[in-house]
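When you get a sec, could you give me coordinates for this:
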Amino acid sequence: MTQLSVRRWTPKHVAKWLKEEGFCDYVDLLCNKHRLDGTSLLALSEYDLRSPPLELKVLGDIKRLMVSIRKLQKQNIEVLEELGFPFDGHSPSGSGGSLDWLCNGDQGRDCDSTDTAPVGEEYHQYTNGKYKQHTRRLDPEYWKTVLSSIYVVFVFGFTSFVMVIVHERVPDMRTYPPLPDIFLDSVPRIPWAFAMAEACGVILCNIWLLVLLLHKHRSILLRRLCSLMGTVFMLRCVTMFVTSLSVPGQHLQCSRKMYGDMWAKLQHAVAIWSGFGMTLTGVHTCGDYMFSGHTVVLTMLNFFVTEYTPRSWNFIHTLSWVLNLFGIFFILAAHEHYSIDVFIAFYITTRLFLYYHTLANTRAYQQSRRARIWFPMFSFFECNVNGPVPNEYCWPFSKPAVMKRLIG
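Predicted structure coming up:
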């Protein structure tokens, strides 16, 4: 029988081999009931022995049988390669199938397997059906990051221009007094609060820039921030253009301001854009109330900091949330926005962030036709990012100049 190619073995040959190896108790199960021939014997894995329909219960027999099968596989490496099972010292596959494709067409493992590996990750399957995660390389795709940066810069510029248009349409305070608001009517105005809100934003922005600089996958993070920030502010352009709310407080010196020709409007829009729309830089706008752009920035930065830092960094996470919540409080305490402006801004920003990352981390939906139709920008930016982005850090430069001089 040893001279006969394993590929030509019949169940009778397999039965004889099992008896020679000392597994007489399994001849009936493997050869008579399940008709294992030489080809299927070579493709057999420990996962197959443990799972239905075989379900071997004796651990020692499973291990000894796999040792014999691996010896047989090693003697027939060429046959394994012809069958599409390259021998690497482990069993060919988890359940006799391929680990190459998921049910939706993505790379993964066999559709019929019950012990599935997490989708979107690269895993090595041991012979007992368990998985060990491999380090996977994420393509930074810098050109996509550049496109997303251009997108957010354009949106910010467009938002600045819409703010100029809205300022021309701000309702007259004598005709349209401030609307009733439970928070604004209950909390007295704090004059310096809005500057404190912007200071919270500046601190939070610096924390995020430090995280972004040291994160190994900084290109993907920046791309996601630009795409999300641009999308939320584009929605803000629509809402504040469609609905002009009355000024939330008598202290605001807001009245209709006509800028004349298009060139004057563009100049003022550039001034708003270059000053990041912040009062700390001398920018003063009116009418852009629905919804709060400051709340959007604070919340988005907070969520990115907490998402892309390790869960054990409790101090950073606590500080980020404190800055976010105190910034929102200061916006309301300054009476610069209605409560509904801040609430809607917080809700939209958080939902969009969570929806985006849920889709990005779910590979099965990421490549679906529905995602490409309803979320074309998401599908474009995330098509090559398989699963969650790991929080890995590295120095962004090869070696600092100081270290070069010290080390030589």
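
could you pull out the helices for the stretch 51-200 of the chain?
Under the criterion DSSP state H, counting those that start in this stretch, the stretch 51-200 of the chain contains helices at 59-75, 77-82, 142-168, 182-186, 193-214.

Quick one: mean pLDDT over the following helix or strand past the last one.
So the one you mean is helix 193-214. Next along the chain after helix 193-214, taking DSSP states H and E as the criterion, comes helix 218-242. Computed over helix 218-242, the mean pLDDT rounds to 95.

Taking helix 193-214 as reference, get the angle to helix 218-242.
Orientation check (axes from the mean of the first three to the mean of the last three C-alpha atoms, to 10 degrees): helix 218-242 against helix 193-214 gives 150 degrees.

quick one: buried residues of whatever helix or strand comes next after helix 218-242?
Downstream of helix 218-242, the next assigned helix or strand under DSSP H and E is helix 262-274. The neighbour-count check on helix 262-274 (16 or more other C-beta atoms under 10 Å) flags 265, 268, 269, 272, 273 as buried. All C-beta atoms are positioned from the backbone trio N, CA, C, and that covers glycine.

In a markdown table: those residues, plus distance to residue 250.
Compiled in a markdown table, those are given as follows (distance: C-beta to C-beta, whole Å):
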| residue | distance to residue 250 |
| --- | --- |
| 265 | 27 |
| 268 | 25 |
| 269 | 27 |
| 272 | 24 |
| 273 | 29 |
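
Looking at the residues you listed, which one is closest to residue 330?
For the buried residues of helix 262-274, the closest approach to residue 330 (C-beta to C-beta) belongs to residue 272, at 21.0 Å.

Apart from its chain neighbours, what residue comes closest to the closest one?
Of all residues not flanking residue 272 in the chain, residue 160 sits nearest, at 4.1 Å (C-beta to C-beta, 6 or more residues apart in numbering).

so what's that neighbour up against?
269, 270, 272, 273, 277 (C-beta atoms under 8 Å, 6 or more residues apart in numbering).

right, and the pair among those with maximum separation?
270 and 277 (12.0 Å).

Residue 30 against residue 17, yeah?
No - using C-beta atoms under 8 Å, residue 30 is not in contact with residue 17, being 10.3 Å away.

which SSE is the most centrally placed residue in the chain in?
Nearest to the geometric centre of the chain sits residue 357, at 4.0 Å (C-alpha atoms, centre = their mean). Element membership of residue 357, judged by DSSP H and E, is helix 339-361.
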